[in-house]
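Q: A structural model of the following input is requested.
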Amino acid sequence: MRTRTAAVALTTSLLAAATCLPDGSAAAATGRFSYTFMTRQGPLTSVLTDPPSGQCLVLPEVIGPRAYGAAYAPWNETGETVRVYTGADCTGGYATLRPHSRRAPEQVTLRAVWVG
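A: Model prediction:
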């Protein structure tokens, strides 16, 4: 009888542990997010493929002393909602871009992104 009780307890605890494990599906948005930024040579476009969800992504090209202003014209081609922020660390004003949306106008500027 004790062996049966121990087996049931072990099976129950293994099932509980398995249901708590992340499945990886929420770890990243599927698709591409792009934005344009200025350099000394002119505008360039950067693409984030399958960007991570649930965290603030600071755009390195527009932060620091060598930056030529904020990025602009974001384009959300992911399956997630994306919020673009005017300030670093997802602060300041923001705009929300729906999943699989068209390119936002050039007036929409950003220095950080929150996916999901």
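
Q: Could you list the low-confidence segments of this protein?
A: 1-26 (pLDDT under 70).

Q: where exactly do the strands run in it?
A: 31-39, 42-49, 56-58, 71-78, 82-87, 91-97, 109-110, 112-115 (DSSP state E).

Q: of all those strands, which lies closest to Pro65?
A: Closest approach to Pro65 among those (C-beta to C-beta): strand 31-39, 13.8 Å. C-beta: built from backbone N, CA, C; applies to glycine.

Q: tilt between that closest one and strand 82-87?
A: 20 degrees (axes from the mean of the first three to the mean of the last three C-alpha atoms, to 10 degrees).

Q: List the strands paired with strand 31-39, with their directions.
A: Strand pairing for strand 31-39, determined by DSSP bridges: strand 42-49 (antiparallel), strand 71-78 (antiparallel).

Q: Could I get the strands of the chain in a markdown table, plus columns for distance to Pro65?
A: Conversion of those to a markdown table gives the following (distance: least, C-beta to C-beta, whole Å):
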| stretch | distance to Pro65 |
| --- | --- |
| strand 31-39 | 14 |
| strand 42-49 | 18 |
| strand 56-58 | 15 |
| strand 71-78 | 16 |
| strand 82-87 | 17 |
| strand 91-97 | 19 |
| strand 109-110 | 18 |
| strand 112-115 | 18 |
